[in-house]
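Novice: A predicted structure for the sequence below; I have some questions about it.
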Amino acid sequence: MTTAYVNGHFLPMESAMVHIEDRGFQFADGVYEVVACFNGHFLDMGPHLERLEQSCAAINIPLPCTLERLAELVQETWRRNPFQDAMVYIQVTRGAAPRAHLAPDNLVPTLVITSADLPKPSESKLAKGAKAITLADFRWKHCEIKSIALLASVMGKQEANRRQADEAFWLDGEGHVLEGCSTNIFAVINGTLVTHPLDHQVLGGITRKMLIRVAHDAGIEVQERPWKLDEPGLTETMLTSTTNAALPVCFMDDKPVGNGVPGPMTRKLRGLMIDAMDALRAS
Ligand SMILES: Cc1ncc(COP(=O)(O)O)c(C=O)c1O
């Protein structure tokens, strides 16, 4: 059984609890992070903790401790659950209080940290690519905050699953592709890597940032601009997230993207990302 960190204590998962009046449970009044860890080495821990700090600041929750202390707690949670490739989950909520929309002042935030095996895309998913659907965006207007209020994402994933797809990508009113329920998305258009710019409709994915970095280093042009699936010259799409690195998306709404198989740019960029993860694992 795994061990979870809850508000100052490491506890067996079975007895790791928060109060029923926790505002995370009552109002989804909280934020979260997911960090990957390879053989005890965290990938981009700094950027993940900085994003957590930004998410907390955006909804006016004080950080439960300094970022240095948080990094120690994250490492200690992994040490107690030392999965070879791990996914460490951090959740901060405003805390517990009698249920009222307006929270009392000076609440003590709730902090939960867990470590689990890092889920990976299957070999067949890598070979054939993922299938996805598109949906008109019905989320709120602060998608840049990594909020635990994920009902729209849950509904999107359910709809994707119902249609035998892996992910649903949100479209704005003009048909631009924004991001997925739990992923960012890139297109290859005339050999350039294109992704929606960071704004209130998109989470600033840490893997998105890594892919842009890796592409720049490989001399590949990157454009952050709105784009559509029917743009001339579009040959590939790929999603990014902490649990997927970069993964080809080969079908959209049952139509092939490009040739309907993982394309050369996606294979190259995924390979470079996996190399970086292997190097971290061996460091
Ligand atoms: C809406 C959304 N976009 C993008 C991502 C990818 O973010 P990251 O690369 O930091 O895992 C996530 C991850 O949970 C997400 O929920």
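Specialist: Arrived safely. Residues are numbered from 1 along each chain as shown.
Novice: quick one, what contacts the most far-flung residue of the chain relative to its centre?
Specialist: Going by Cα atoms, centre = their mean, the residue of the chain most distant from its centre is residue 98, 31.3 Å out. Counting by Cβ atoms under 8 Å, 6 or more residues apart in numbering, residue 98 touches residue 21. Where you see a C-beta, it was placed from the backbone N, CA and C, and this is true even at glycine.
Novice: what about it, distance to the ligand?
Specialist: Distance of residue 98 to the ligand, computed by Cβ to the nearest ligand atom, to the nearest Å: 31 Å.
Novice: ok but residue 185 is inside a strand, no?
Specialist: Yes. With DSSP: H, G, I helix; E, B strand; the rest coil as the criterion, residue 185 is located in a strand.
Novice: would you say residue 201 is within a strand?
Specialist: No. Using three-state DSSP, the assignment for residue 201 is coil, not a strand.
Novice: Would you map the strands across the stretch 1-150 of the chain?
Specialist: Using DSSP state E, counting those that start in this stretch, the strands found in the stretch 1-150 of the chain span residues 3-6, 9-12, 30-38, 41-42, 85-93, 110-117, 130-136.
Novice: Looking at these, spot the one closest to residue 172.
Specialist: Counting by Cβ to Cβ, residue 172 lies closest to strand 130-136 out of those; the figure is 8.5 Å.
Novice: What are the buried residues along that closest one?
Specialist: Buried residues in strand 130-136, counted by 16 or more other Cβ atoms under 10 Å: 130, 131, 132, 133, 134, 135.
Novice: Look up the closest residue to residue 109, ignoring the ones flanking it.
Specialist: residue 64 (4.5 Å; Cβ to Cβ, 6 or more residues apart in numbering).
Novice: how about the residues of the stretch 101-250 of the chain near the ligand?
Specialist: Applying Cβ under 6 Å from any ligand atom, we find that the stretch 101-250 of the chain lies next to the ligand at 179, 182, 183, 184, 203, 205, 206, 207, 208, 240, 241, 242.
Novice: can you do 5 Å?
Specialist: Residues of the stretch 101-250 of the chain found near the ligand (Cβ under 5 Å from any ligand atom) are 179, 182, 184, 203, 205, 206, 207, 241, 242.
Novice: Tell me if I'm right that residue 201 and residue 137 touch.
Specialist: Yes. Judged on Cβ atoms under 8 Å, residue 201 makes contact with residue 137 at a distance of 6.9 Å.
Novice: what is in contact with these two at once?
Specialist: In contact with both residue 201 and residue 137: 170, 172, 178, using Cβ under 8 Å, 6+ apart.
Novice: By neighbour count, which of the residues you listed wins?
Specialist: For the shared contacts of residue 201 and residue 137, neighbours were counted by other Cβ atoms under 10 Å; the highest total belongs to residue 170, with 24 neighbours.
Novice: Quick one: the helices in the stretch 101-250 of the chain, in order.
Specialist: Assigned by DSSP state H, counting those that start in this stretch, the stretch 101-250 of the chain shows helices spanning 123-128, 151-162, 206-217.
Novice: Before I go, just wanted to say thanks for your time.
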